[in-house]
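> Next come a sequence and a model predicted from it.
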Amino acid sequence: MNNNILSSPCFRWGFVLASLLVLGACSTTYYAAWETVGKHKRDLLRDNIEAARDEQAEAQEQIKTAMERLKELQGFDGGDLEDIYEKLNDDYEEAVERAEDVSDRIGKIDDIANDLFDEWEEEIGLISNSRFKADSQKKLRATKKKYAALNRSMVKAEKRMDKVLVRFRDHVLYLKHNLNARAIGSLDAEVASIDREVKRLIADMQASIAEAEDFIATME
């Protein structure tokens, strides 16, 4: 095969993508594939934390949209209830998809972080210079501590998001089964309650996003 083709960026990225799709279950192959294009565990961790930050922001906005749609029902004074239900259901399903993206990303980040820390520990064992070794151990401890804070923040927001989505699901299904003005009126107290829960979720997600920003800054 032509060496120019082997060294081309398109070929290298194609190899990475093929490796991730076919052999993604093997972490050794996963990391080896990324290293062919200069991406190491540290880079992958930073990239995925940046992606998690963005996905949390997207999930946050979609949940806000669903909440606003639910609030609109409080002022219902006639109209096509079927249409209102369909729009609310669409908002809910989109929020679920965004939440699933966030959950998947958190799991991926944790896998990469643990692999990175294991590799770091092993490499420290190979350092013979006592000053270098002590400095590397100190940096590893500090990084682990910051990551633990980030992980706690992400998981806290994730759990609250799951609870909020369960409550949204209840409302969506109830409306599906009771498309009438009386049923909508009975939801007013519940809507106020879920609105408070959404506000707490937004606060948790903002805190998680801030933790992500802080962690990313330490890796630059």
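Received the coordinates, thanks.
> can you list the domain ranges for this structure.
Annotated domains of the chain cover 1-39, 40-218 [automatic domain parsing].
> Now the terminal residues of the longest one, how far apart.
Read it as domain 40-218. Start to finish, the residues bounding domain 40-218 are 16 Å apart (C-alpha to C-alpha, to the nearest Å).
> how many neighbours does residue 194 have?
22 (other C-beta atoms under 10 Å). Quick note: C-beta positions are derived from backbone N, CA and C, even for glycine.
> which non-adjacent residue is nearest it?
Once flanking residues are discounted, residue 194 sits nearest to residue 167: 4.9 Å by C-beta to C-beta, 6 or more residues apart in numbering.
> gap between the strand or helix carrying that neighbour and the chain center?
Using DSSP states H and E, the secondary-structure element containing residue 167 is helix 130-177. Chain-centre distance of helix 130-177: 9 Å, with C-alpha atoms, centre = their mean, to the nearest Å.
> likewise stretch 126-133?
With C-alpha atoms, centre = their mean as the basis, stretch 126-133 stands 37 Å off its chain's centre.
> check contacts around the most centrally placed residue in the chain.
Nearest to the mean C-alpha position of the chain, by C-alpha atoms, centre = their mean, lies residue 102 at 2.4 Å. For residue 102, the contacting residues are 52, 55, 56, 59, 154, 158, 161, by C-beta atoms under 8 Å, 6 or more residues apart in numbering.
> how does it look with 6 Å?
Going by C-beta atoms under 6 Å, 6 or more residues apart in numbering, residue 102 touches 55, 56, 59.
> likewise residue 160?
Contacts of residue 160 were listed using C-beta under 6 Å, 6+ apart, and they are 201, 204.
> One more pass at 10 Å, please.
Residue 160 sits next to 197, 198, 200, 201, 202, 203, 204, 205 when contact means C-beta atoms under 10 Å, 6 or more residues apart in numbering.
> quick one: it and residue 95, what's the gap?
13 Å (C-beta to C-beta, to the nearest Å).
> quick one, what contacts the residue nearest to residue 194?
Listed by C-beta under 10 Å, 6+ apart, the contact partners of residue 167 are 70, 190, 191, 193, 194, 197, 198.
> likewise residue 217?
residue 146.
> And the contacts of residue 167, which of them are buried?
70, 191, 194, 198 (16 or more other C-beta atoms under 10 Å).
> Can you pull out the low-pLDDT segments for this structure?
1-26, 75-79 (pLDDT under 70).
> tell me which element residue 98 falls in.
Residue-wise, residue 98 maps onto helix 81-124 under DSSP H and E.
> what is the orientation angle of that helix with helix 130-177?
170 degrees (axes from the mean of the first three to the mean of the last three C-alpha atoms, to 10 degrees).
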